[in-house]
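In: no FASTA, just this:
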């Protein structure tokens, strides 16, 4: 488990408020409407290993001063006498449980006690108000809030509601909402082609940005309708490669109200592997996933409990723009695409020598849009049917046949095929070039498709670790 980190901007803001360097990691979990931090969630240990009993910490200067005046006037004892003792004890117990779930360094001495580190009664009104502000049923915090008054805030509720994962990929922008039991509430995909032109210019275009922002605003409405309390937005290859990727991430964070991060290739592979392999039937062979995206392709395999992965600069959009083209493929473009893919595979095999040792003895699982669309085409599905394409078996011969068939057609003819997803007709054949080459290099004759992917890995991680939750308005 890892503890989520505040952005560099949030760290600077909190340190400016406190007038000192933070001694541990934290995340901003409540803000004023203008973005100023109000409550931070602390990692339960400082960087030097010292236990940190205060999980939620009130950092807003004006509110802190108001609560201090309340304490100076005898508020601690007065409020303790006003609240129901059993309700207060439940608040302490749940606070301790949340801190335990957020603990990363389980080998260290652990903090004890409930709100603010006390086991019974009331010790610190600041800590109780902070706990109340994150959505907890804290009777003391509720009284403090009534006494000092609250500004307009952005916050998230108690961590038992639906969670969301958003993936801003090179070709599509996707959303998964699951409930507290990890049951899917909603799964959405829109083609946004965020990576349009990035390979050539190194910059996300205005048009591509606006397409993505429009879809993210739509997804935010869906998240509100579902009552999402926590979420994480990730960006991958296109944003990693773009000079204005940081600016895109900041705007994506503002629109969606959730934490937004650029994933490294390793992080992308790890989350994709977790999502794609969850619930698979046992197999004596190592399971290797191949995630063909728009700008990159991730390979990951677990051997002897260790995950080995590599991110290749190959994807359906990148191969299309750099080598293959969108129209009918001729011999020149075919050769250019094959050479580009072979070069990247050579780099991957040098970077991760284990891949060569696995020739002919892995179970391959394919995921993401190119594989999903291929499964729909192969099944002849005019209307998407998850049950029909999830865990569908595709031979290498079928992958190659579809690659060649689509390459010989114009995009309009591809789009007319039952199962073709609008927006993929001009790049899918490039994704199949990558997929067929990976299968050949690994000596794999059959592919198992998976509709579970990085989104499922993210939501599982959030639910498992009480993970990312950023500033979701009530």
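Out: Structure's in. What do you need? Note that the coordinates shown come from a computational prediction; the quantities given were computed from them, not determined experimentally.

In: Mind checking what secondary structure residue 57 has?
Out: strand (DSSP: H, G, I helix; E, B strand; the rest coil).

In: give me the number of residues near it?
Out: 21 (other C-beta atoms under 10 Å). The way it works is simple: take the backbone N, C-alpha and C, and place the C-beta from them, glycine included.

In: I'd like the numbering to begin with 108 instead of 1 from here.
Out: Done: numbering now begins at 108, and the last item shifts to residue 164.

In: next helix or strand past the helix or strand of the chain with the lowest mean pLDDT?
Out: Using mean pLDDT, DSSP states H and E, the weakest-scoring helix or strand in the chain turns out to be strand 260-262, at a mean of 69. Downstream of strand 260-262, the next assigned helix or strand under DSSP states H and E is strand 270-275.

In: If you count contacts, what does that following strand end up packed against?
Out: Judged by 3 or more C-beta pairs under 8 Å, 6 or more residues apart in numbering; DSSP states H and E, strand 270-275 is in contact with strand 279-285, helix 313-333, strand 337-342, helix 352-363, helix 561-572.

In: Partner strands of the shortest one and their direction?
Out: Think strand 337-342. strand 270-275 (parallel), strand 366-369 (parallel) (DSSP bridges).

In: Now do the last one: distance to the chain's middle.
Out: For strand 366-369, the separation from the chain centroid amounts to 7 Å (computed by C-alpha atoms, centre = their mean, to the nearest Å).

In: What's the mean pLDDT across that strand?
Out: Average pLDDT, strand 366-369: 82.

In: Name the residues of stretch 224-243 that are buried.
Out: Neighbour-count burial for stretch 224-243, counted by 16 or more other C-beta atoms under 10 Å, picks out 224-225, 229-243.

In: scratch that, stretch 382-399
Out: So stretch 382-399, judged by 16+ other C-beta under 10 Å, has buried residues 382-384, 393-399.

In: Also stretch 272-285?
Out: 272-285.

In: between those, which is closest to residue 352?
Out: residue 275 (10.0 Å; C-beta to C-beta).

In: What residues are bridge-paired with the closest one?
Out: Beta-bridge partners, per DSSP bridges, of residue 275: residue 280, residue 342.

In: now it: how far from residue 554?
Out: Residue 275 is 26 Å from residue 554, where distance means C-beta to C-beta, to the nearest Å.

In: how far away is residue 160 from residue 500?
Out: Residue 160 is 53 Å from residue 500, by C-beta to C-beta.

In: quick one, which of these two is more surrounded?
Out: Set residue 160 next to residue 500 and count neighbours by other C-beta under 10 Å: residue 160 wins out with 20 against 11.

In: residues contacting the residue nearest to that one when sequence neighbours are not counted?
Out: Excluding its sequence neighbours, the residue lying closest to residue 160 (C-beta to C-beta, 6 or more residues apart in numbering) is residue 224, at 3.2 Å. Going by C-beta atoms under 8 Å, 6 or more residues apart in numbering, residue 224 touches 160-161, 218, 230.
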